[in-house]
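Chemist: build me a model from this:
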Amino acid sequence: MKKILVGAIALALGISPHGFAQSLEELNVQIHGYAAQGFLYTTNNNMLTTHSSDGSPAWTEAVLNIGAQPIPKLRIAVQGRYFLLGNFGNSITLDWAAADYKADERLGVRFGKVKTPSGLFNDIQDIDPSYMWSLLPQSIYPISSRNSILAHYGGVAYGTLSEGGKLGKLEYRGWGGERQIAANDGYTLAQTEAGILAPNGIGGATYGAAIHWRTPLPGLMIGASDGRDPMWSGKITAGNGALTGTESISPFNDPNYFALYEKNKFMVAAEYGRLPVSVTLQFTGLPPTHERIDFQNWYAMASYKLTAKITAGVYHSQQFNRQAPLGPARYSKDWAISGRYDFSQYLYAKAEEHIIDGTAIGYDTDLNPNGLKPNTKLTILKVGVSF
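Modeler: Got it, this is the predicted structure:
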C-alpha cells in the first residue's frame, strides 16, 4: 500500500519511472493521521444538527495525511477527511493538497488547495490532536463551516522578515485564489431548511495577508490578518426546482486581531473579528430579497498543563449580529471548561462543558420544532487516536 502511495506522489511530482523504485527514505515520505469519536449531550435545545438532547454519538472524524520531500526545499502533501457531525458531512472530502517550496527563511510559497493562514487557529483547526479543546471558540471557528474556511484554491507566500534581535521577529503570510462554500455548509443550513438550495455551493475570489510579531518578550506573539473577498455568487433553486436564481454575497473584509502568550505550562490567547456583509437572493421573475449581517466576534482563553498527561482550560466566546432584532437569536455567549488526558502520545481523551446563553450559533429549526430555549448546557466527550 505504501509503495502505491509513493508512486502516486511521485507521479504527481513528475518524477521519472525510475523514481517509482525509490525507497520511502529517499523520498522522505511520511504518513500521519487521526481518528476521533465524540458524544454530545445538551440540557435543552438540540445542537449542531444532532439529537443532542437525547445524547448523540453522531460526531466521527478520520483524517489521513500523506507527504513527501523529493528535494530538500520542496514538499508535497495531501490530506483527506471523513467527517460526520449530525446532518453535516457523512462524506470524504479533500482538506488540502499543496506543494510547498521554501527558498529560505525570508520566502516560501505553497500552491494548490492550501490552508488559509487567517486568524490565530484557522490553519491548525483541522488537526484535533494538536489542541486541547473539543470545540474551538465557535464565534470565530464554527465547526459547521470548517471545511469551507480552512482552505482555498490558489497560493500562499510566507516568510520571516527579521530573525530576532531587540525587536523580535516579524512573520508574514499573503494569500490569494478562490474559495467555495459547500452546498452542505453550515452557512446554508437555514436556507436549506427553508427549501432554498445552492446545489453547487457559493464562492468567488479571495485574497488577504497576516502579520505575526514575535515580540522581544519570550512567548508573546501579537498579530492581525485581513481577508478581502469580492462579490461571491452561486446558483440557487426553490420549489423542487420550479424557481431558479442566484445568491450573491456583497464584497466584504474579514479582519482578525489576536494575541498569544505561552510560558512553561501556561497559555493565554484572545482574538477579535468583525464580519459585515449583505446577502441577496434573486429568483428569476421575482423581486430580490436582501439581508444585512454584521457579526462582531471575540474570545479569550487560558490553559494550564497540570501534569505530563493532564491539561485544563477555560474560554469565553461571544458573537453578536448587530443587524439582528433584539433577543436571544441576536447573540451567543459561551463559557467552556475543558480537560484533556493523554494516555500516550497516540491516544487521548477530552471532556468539555459549555454554558451557552443565546441561540445565534449552532442551532437549526428542523431538530427544534417547538422553538429554541434561550439557554442550554452542552457536554462533549471525545476520544481520539493519532499516528
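Chemist: quick check: closest non-adjacent residue to Tyr141.
Modeler: The shortest distance from Tyr141 to any non-neighbouring residue, by CB to CB, 6 or more residues apart in numbering, is to Gln125 (5.5 Å). Just so you know, the C-beta spots here come from the backbone N, C-alpha and C atoms, and that holds for glycine as well.
Chemist: equivalent analysis for Gly234, please.
Modeler: Nearest one to Gly234, counting by CB to CB, 6+ apart, is Ile202 at 3.5 Å.
Chemist: same check, this time on Asn28
Modeler: Residue nearest to Asn28 in three dimensions, not counting chain neighbours: Gln69, with 3.9 Å by CB to CB, 6+ apart.
Chemist: the one you found sits in which helix or strand?
Modeler: Under the criterion of DSSP states H and E, Gln69 resides in strand 56-71.
Chemist: again, but for Asn46
Modeler: Counting by DSSP H and E, Asn46 is part of no helix or strand.
Chemist: confidence score at the most centrally placed residue in the chain?
Modeler: In the chain, the centroid-proximal residue (CA atoms, centre = their mean) is Arg146; its distance is 3.5 Å. Model confidence at Arg146, expressed as pLDDT, equals 92.
Chemist: likewise Ser139?
Modeler: 97.
Chemist: on that earlier part again, what's the burial count for the residue nearest to Tyr141?
Modeler: 20 (other CB atoms under 10 Å).
Chemist: and if you look at the one 3 residues further on?
Modeler: Residues within reach of Asp128, counting by other CB under 10 Å, total 21.
Chemist: now swap in Pro218 and tell me
Modeler: Pro218, neighbours per other CB under 10 Å, totals 10.
Chemist: contacting residues around the residue nearest to the centre of the chain?
Modeler: 125-126 (CB atoms under 8 Å, 6 or more residues apart in numbering).
Chemist: quick one: least confident helix or strand in the chain?
Modeler: Sorting the helices and strands of the chain by mean pLDDT, DSSP states H and E puts helix 2-13 at the bottom, at a mean of 42.
Chemist: so where do the strands sit in the stretch 51-200 of the chain?
Modeler: Along the stretch 51-200 of the chain, counting by DSSP state E, counting those that start in this stretch, strands occupy 56-71, 74-85, 88-104, 107-115, 151-162, 169-181.
Chemist: so what secondary structure elements neighbour the fourth one?
Modeler: For strand 107-115, the helices and strands in contact under the criterion 3 or more CB pairs under 8 Å, 6 or more residues apart in numbering; DSSP states H and E are strand 88-104, strand 151-162.
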